[in-house]
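**Student:** 3D model of this:
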Amino acid sequence: MAIYHYTKLTTLIEYILPTKTLKSNSFSNMNDPRESTPWSMGSINLPLEKLFPEYYSDKTHIDCQYKFGQMIKERFQIICFSGAHQKGWNNEMMWSHYADNQKGVCLEFDENVLMVEAKEKFPDVDILLKEVNYATKKKEKPWIHWNNMFSIEENINNYSSILCHDFVFHKSHFWDKEDETRLLFLNYTENLFLPYGQSLKAIHIGLGFPRDYLPAIEKLIEGTSIKLYKLIYERDKYIRWHLTRKGRSWFTSIDEN
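**Tutor:** You can find the predicted model right below:
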């Protein structure tokens, strides 16, 4: 199955194609306010005085709950894709919001190959690839027991492993047009650079893409099987034309898929 990653032209030609990688992002840097705003998080038996020994007091108790919430959120590194249920490359909203208002691109990946590449690159990291569920009912944060038999690290890893299913893969119904699938690197606190290898199948060029940059993309994918598509908008929908070069000229052929 194909999944799709929308991005700006500059990101594509300066980072993604030259390095042949996709960069993960912190959960706190998502644009959903439920994800980006600070969390106050508690627990049964949560030893805040042990977690923040030089800061904790009765006066800072609530603040420490927010600090603990941030510790949990930092355990989620994410790469976002569209196309969970639809084609993915013809999402008008995604083109406007994430591809520089039609001037960027949409990258098409084979999700099975990408998952294999992720596990090969990061064999010691828990990796999940799941569709986002768009809920209409508010999700309550579950209470989790702090186990004094475990270390701080083990307890925090346990928290994030439980919470990720309700929070990383759950969003408000207002976001359902994103049709999102997320690739999660669990209990990893730094940005990851995932080599995409053979999983990148096609690059879709937006309606407002500056044509002068086409040779740069062509050069960066030279020798690969990556397809190039030009998006056209007619009769109130996107269609895509397959781009091929013959000599100094570009030729187009309609893609029916």
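
**Student:** OK, contacts around M71?
**Tutor:** Going by Cβ atoms under 8 Å, 6 or more residues apart in numbering, M71 touches L51, I156. For glycine as for every other residue, the C-beta is placed from the backbone atoms N, C-alpha and C.

**Student:** Please identify the helix or strand for it.
**Tutor:** M71 belongs to helix 61-73 when assigned by DSSP states H and E.

**Student:** gap between the helix or strand following that helix and the chain center?
**Tutor:** Using DSSP H and E, the helix or strand that follows helix 61-73 in sequence is strand 76-82. Its chain's C-alpha centre and that of strand 76-82 lie 2 Å apart, by Cα atoms, centre = their mean, to the nearest Å.

**Student:** Would you pull up how far the strand ranked longest in the chain lies from the middle of the chain?
**Tutor:** What stands out as the longest strand in the chain, according to DSSP state E, is strand 237-246. From the chain centre to the centre of strand 237-246 is a distance of 26 Å (Cα atoms, centre = their mean).

**Student:** Can you list the strands that that strand pairs with?
**Tutor:** strand 227-234 (antiparallel), strand 249-254 (antiparallel) (DSSP bridges).

**Student:** Lowest mean pLDDT across the ones you listed, which one is that?
**Tutor:** The stretch with the lowest mean pLDDT among those is strand 249-254, at a mean of 65.

**Student:** quick one, strands of the stretch 1-150 of the chain?
**Tutor:** Counting by DSSP state E, counting those that start in this stretch, the stretch 1-150 of the chain has strands at residues 2-7, 21-23, 25-26, 76-82, 105-110, 126-131, 133-135.

**Student:** quick one, which of these is nearest to E49?
**Tutor:** Among these, the nearest to E49 by Cβ to Cβ is strand 76-82 (25.7 Å).

**Student:** I'd like to check the angle between that closest one and strand 105-110, please.
**Tutor:** Computed by axes from the mean of the first three to the mean of the last three Cα atoms, to 10 degrees, the angle separating strand 76-82 from strand 105-110 equals 100 degrees.
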